[in-house]
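S.K.: Here's a sequence, model it:
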Amino acid sequence: MVMAVTHAKAAVAALQRFAPDVVVADMRLPDESGTWVLQQARALRNTAPFIAVSAFDLDERTLREAGFHACLRKPVEHADLVEAILRAAPARWCEGSGR
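M.R.: A predicted model of the protein is given here:
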């Protein structure tokens, strides 16, 4: 299932109700930043991998230190997004499968 929200606070509310496999977070949301969403998710003990997306320059080192698994620059190519999701989430998808 894919869920889309347009504001950081809506994302946090969704994270309180759902356990996503991966979160793709825009770094500039109308009310807060993608980093703020990540911090709130961790406070909720949500361990989903986060992928940062921005039309602006990204300091990948800082974002990785903050806990992001990948950083993508807009416009994001479909293949790059799929690759980032697959790199971030395979361990979660295989939990309990014995692999």
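S.K.: Where does Val37 sit, in terms of helix or strand?
M.R.: Taking DSSP states H and E as the definition, Val37 sits inside helix 34-43.
S.K.: what's the distance between that helix and the middle of its chain?
M.R.: 9 Å (CA atoms, centre = their mean, to the nearest Å).
S.K.: What helices and strands are in contact with it?
M.R.: helix 8-17, strand 23-26, strand 50-54, helix 60-66 (3 or more CB pairs under 8 Å, 6 or more residues apart in numbering; DSSP states H and E). The way it works is simple: take the backbone N, C-alpha and C, and place the C-beta from them, glycine included.
S.K.: Who are the packing partners of the third one?
M.R.: Under the contact definition 3+ CB pairs under 8 Å, 6+ apart, strand 50-54 sits against strand 23-26, helix 34-43, strand 68-73, helix 78-88.
S.K.: where are the low-confidence patches of the protein?
M.R.: 90-99 (pLDDT under 70).
S.K.: mind giving me a markdown table with the helices and strands packed on strand 50-54 and columns for mean neighbour count?
M.R.: Listed next are those as a markdown table, based on neighbours: other CB atoms under 10 Å:
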| stretch | mean neighbour count |
| --- | --- |
| strand 23-26 | 20 |
| helix 34-43 | 18 |
| strand 68-73 | 19 |
| helix 78-88 | 13 |
